[in-house]
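Visitor: Fold the following for me, if possible:
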Amino acid sequence: MPDFLEHYDFSHFSRQAVDYGIKFAIAILILLLGLWLAARLANFGRRALVRARVDDTLVGFLRNVIYGVLIALVAVAALQQAGVPSASLIAALGAAGLAIGLALQGSLSNLAWGVLLIATRPFKVGDFVEIGGVLGTVSRIGLMQTWLVLPDNREACMPNSKVGSDAIINYNRRGTRRFEVKVGIAYSADIGKAMDAIRAELDKDPRVLSDPAPGIWATELADSSVNLVVRGWASTEDFWSTQTDFVRLVKESLDAAGISIPFPQRELLVRQIKDKS
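Guide: Numbering: from 1, shown residues only. So this is what the prediction gives:
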């Protein structure tokens, strides 16, 4: 052994090694217990959300958020116990999070709107909606995008930030919808007779709801016709068939009652000018 080591006191070094070993062992224990406890708490939160009938997509997302936050806290506590300065680590993680947030600003906006849409539920899968002028049936609601199936079977994928910032019209939410048919009858026709013929069709069609009651009104004295409007209510499932069928039923009922439906006519007056030369 070299001479300079003969007089060196190793007891101080051994005490430090023991202290560091104990701290490291406690840090490992905190990490293992923290991982186990974080998983238990996250699963408990998931079960609570399921019992509260929160959407499945949001349940999974919130469970992962809870788990991630708890893991971060456990990691910081373990590192602090091991003697790693936590203040500088937290500052570095905060700076990195800020940079990532600025870089992914659009994606985070979609994510935030996705959480709000799932939580507030302005529509659900299967609803027929209009969003920003796009009509379609909701096929899937994700955290980042919402998918619509258009009436011609095309699929539209819309970012949730656009969905949340535009007006949303839900055609299924109320359970019923009002249909409307406009028709013009001749000035010489009996308006009461025309209304009675149309009302008979409304009364005998089981798809037309009695509450709210349907109605027929004369709305305009047009150039070549007296215009009537027929309005009634049907369930959402029967709306389209009722709307389209009543165009035909109104025409047939007026024909059967002898009520003519005029079309625009124009009279031409031809004058012959004699040549005086």
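
Visitor: alpha carbons only for contacts and neighbour counts from here, please
Guide: OK.

Visitor: Quick check: which ranges of the stretch 101-250 of the chain have low pLDDT?
Guide: Low-confidence regions of the stretch 101-250 of the chain, defined by pLDDT under 70, span residues 101-107.

Visitor: in it, which spans are strands?
Guide: Listed in chain order, the strands found in the stretch 101-250 of the chain under DSSP state E, counting those that start in this stretch are 128-131, 134-141, 145-149, 155-159, 168-170, 176-185, 215-221, 226-235.

Visitor: tell me what the third one is packed against?
Guide: Using 3 or more Cα pairs under 8 Å, 6 or more residues apart in numbering; DSSP states H and E as the contact criterion, the neighbours of strand 145-149 among helices and strands are strand 134-141, strand 155-159, helix 160-165.

Visitor: Counting by contacts, list what the second one packs against.
Guide: Think strand 155-159. When contacts are defined as 3+ Cα pairs under 8 Å, 6+ apart, strand 155-159 sits against strand 145-149.

Visitor: surely residue 132 meets residue 169?
Guide: No: the pair residue 132 / residue 169 is not scored as a contact, 9.1 Å apart, by Cα atoms under 8 Å.

Visitor: Identify the contacts common to those two.
Guide: Between them, residue 132 and residue 169 have no joint contacts when contacts are counted by Cα atoms under 8 Å, 6 or more residues apart in numbering.

Visitor: follow-up on the earlier one: could you export the strands of the stretch 101-250 of the chain as a markdown table, including distance to residue 255 and mean neighbour count?
Guide: Converted to a markdown table, the strands of the stretch 101-250 of the chain look like this (distance: least, Cα to Cα, whole Å; neighbours: other Cα atoms under 10 Å):
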| stretch | distance to residue 255 | mean neighbour count |
| --- | --- | --- |
| strand 128-131 | 35 | 21 |
| strand 134-141 | 35 | 18 |
| strand 145-149 | 39 | 21 |
| strand 155-159 | 42 | 17 |
| strand 168-170 | 37 | 16 |
| strand 176-185 | 11 | 17 |
| strand 215-221 | 17 | 14 |
| strand 226-235 | 15 | 20 |
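
Visitor: Report the next helix or strand after the longest helix seen in the chain in sequence order.
Guide: Determined from DSSP state H, the single longest helix within the chain is helix 11-51. For helix 11-51, the following helix or strand on the C-terminal side (DSSP states H and E) is helix 56-81.

Visitor: Output the contacting helices and strands for that next one.
Guide: Using 3+ Cα pairs under 8 Å, 6+ apart as the contact test, the elements touching helix 56-81 are helix 11-51, helix 86-103, helix 105-120.

Visitor: and if we set it to 6 Å?
Guide: Using 3 or more Cα pairs under 6 Å, 6 or more residues apart in numbering; DSSP states H and E as the contact criterion, the secondary-structure elements in contact with helix 56-81 are helix 11-51.
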